[in-house]
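Visitor: here you go, sequence then predicted model.
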Amino acid sequence: MAVDYYAVLDVPRDASPDQIKKAYRRLARELHPDVNPGEEERFKEVTKAYEVLSDPQKRELHDLGADPFSTGGGFGSGFGFSDIMDAFFGGGGASRGPRPRQRRGQDALIRVEVDLAEATFGTTKDLQVETAATCPTCSGQGTAPGTSPKVCDICRGQGQVQQVTRSFLGQVMTARPCAACQGFGTVIPQPCVECGGDGRVRTRRTLKVKIPPGVDGGTRIQLAGEGEAGPGGGPAGDLFVEIVERRHPLFQRRGDDLHCTVAVPMTAAALGTTIELETLDGQRTVEVRAGTQSGQSVTLDGLGVQHLRGAGRGQLVVHIEVETPTRLDDDQVELLRQLAALRGEDGPTTNGQVSADQGLFARLRDAFQQR
Ligand SMILES: [Zn+2]
Ligand SMILES: [Zn+2]
């Protein structure tokens, strides 16, 4: 069902943008309705093929077997649903004039990677952006220098042609877009060689983008008018910069809070200690109280990520993991035995000691045993 636009332009599938442009220019000169009125349909097809293959996003869609014009994102000669409805029902088409060549461009999306510190404090990035820009040679008009569009002979500038068709309702007048001018009402006898008549060229530029503090993965920053330039010198769409956050080796982000886990030796957890922790704001001392259990945490206010909306920052939560020593020498074993004896912990461990409080399972078990 999908048309092979490579075959239409007679170029290989791996053709470069330059090859595609050259192939289109050659065919467009040969098939242009002013030169060759019998080839309107092929001219339309060739123009459509060029619009798809000259746009990296549309070309990708086409390569995947999809029809880029069915997404509603088509421009140029792609006729939309309303045109088809008009063709079927005559849809009050009389009031429809020629469609303007000048239209707003599409929005564009680019992704940018930031690390946790950049997301927390904000940053400025130089981004390489590749979009369509208004053609500098013809200022978006699509015409070769010194020439101008002329009124279409076929539709006399109406952009549509009337047609009488027979249907089960009888004779129906329908208006359909004029194929010779693709509904524009005018034709460009000599298209600008730089842009092939579209009024746009692809450009690569570097854009400074300010990334505010508090962004998260998936946050989109909207830059008005930095997207794709519109056809026919139309205004550009917007550019959306989507944030991708790189993982931090120590801190996990949950909302605007940061979490990390620090291992503390058993003895230090029992006696109390301090941890020197390298935070996003430099080194901080974390107090670990005597008797800290594994899984307990210490919260440091204001050392998390800046709230994107509103003032203040999230917390930094330090989770403590108590490490039980594994490799003990004879002296250490002796000391621990003495400690155990002093604390009366040297006998076999019973269930009663493991669960001092009567948990749900203990109560259930007791209930069974009493029966
Ligand atoms: Zn141009
Ligand atoms: Zn026309």
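Guide: Here it is on my side, so go on. Ligands and ions are numbered 1, 2, ... in the order given.
Visitor: what's the next secondary structure element after the helix or strand of the chain at the bottom of the mean pLDDT ranking?
Guide: Using mean pLDDT, DSSP states H and E, the weakest-scoring helix or strand in the chain turns out to be helix 81-89, at a mean of 42. Scanning forward in sequence from helix 81-89 by DSSP states H and E, the next helix or strand is strand 108-114.
Visitor: show me where the stretch 51-200 of the chain has its helices.
Guide: Defined through DSSP state H, counting those that start in this stretch, the helices belonging to the stretch 51-200 of the chain, from first to last, are 56-63, 81-89, 116-121.
Visitor: please read the previous query as pertaining to the stretch 251-371 of the chain.
Guide: Secondary structure of the stretch 251-371 of the chain, counting by DSSP H, counting those that start in this stretch: helices at 266-271, 330-342, 351-354, 360-370.
Visitor: hey, least reliable of these by pLDDT?
Guide: Mean pLDDT values for the helices of the stretch 251-371 of the chain show the minimum at helix 351-354, a mean of 52.
Visitor: from memory residue 283 sits against residue 303, does it?
Guide: No: under the criterion of C-beta atoms under 8 Å, residue 283 makes no contact with residue 303, lying 11.5 Å away. Yep, even glycine has a C-beta here, placed from its N, CA and C like the rest.
Visitor: contact residues of the stretch 201-350 of the chain facing ligand 1?
Guide: By C-beta under 5 Å from the ion, no part of the stretch 201-350 of the chain sits against ligand 1.
Visitor: so which residue of the stretch 201-350 of the chain comes closest to ligand 2?
Guide: residue 232 (15.8 Å; C-beta to the ion).
Visitor: which pLDDT value goes with that residue?
Guide: Confidence per residue is given as pLDDT, and for residue 232 that number is 91.
Visitor: SS state for it?
Guide: Using DSSP: H, G, I helix; E, B strand; the rest coil, the secondary structure recorded for residue 232 is helix.
Visitor: that one reaches residue 103, doesn't it?
Guide: Yes: taking contacts as C-beta under 8 Å, residue 232 lies within contact range of residue 103: 6.5 Å.
Visitor: show me which of those two is the more surrounded one.
Guide: Neighbours were tallied for residue 232 and for residue 103 using other C-beta atoms under 10 Å; the higher tally belongs to residue 232 (22 against 16).
Visitor: OK, contacts around the nearest residue to residue 102 once chain neighbours are set aside?
Guide: Here the nearest residue to residue 102 in space, its sequence neighbours aside, is residue 232; by C-beta to C-beta, 6 or more residues apart in numbering that works out to 3.9 Å. If a contact means C-beta atoms under 8 Å, 6 or more residues apart in numbering, then residue 232 has 100-103, 140-142, 199 as its contacts.
Visitor: near ligand 2, which residues of the chain?
Guide: For the chain, the residues in contact with ligand 2 (C-beta under 5 Å from the ion) are 152, 154-155, 178, 180-181.
Visitor: so where is the chain shaky, pLDDT-wise?
Guide: By pLDDT under 70, the weakly predicted segments of the chain are 1-2, 67-96, 167, 169, 350-371.
Visitor: can you rerun that using 80?
Guide: Counting by pLDDT under 80, the chain contains low-confidence residues at 1-2, 32-38, 61, 64-96, 165-174, 347-371.
Visitor: relative to ligand 1, how far out is the residue nearest to residue 181 when sequence neighbours are not counted?
Guide: Computed as C-beta to C-beta, 6+ apart, the closest residue to residue 181 that is not its neighbour in sequence is residue 152, at 3.8 Å. In this structure, residue 152 lies at 20 Å from ligand 1, with C-beta to the ion, to the nearest Å as the measure.
Visitor: do the same with residue 118
Guide: In this view, residue 118 and ligand 1 are 39 Å apart by C-beta to the ion.
Visitor: now name the helix or strand holding residue 47.
Guide: Counting by DSSP H and E, the element that carries residue 47 is helix 40-53.
Visitor: quick check: buried residues in that helix?
Guide: For helix 40-53, the neighbour count (16 or more other C-beta atoms under 10 Å) marks 40, 43-53 as buried.
Visitor: just how off-centre is that helix within its chain?
Guide: Distance of helix 40-53 from its chain centroid, counting by C-alpha atoms, centre = their mean, to the nearest Å, is 29 Å.
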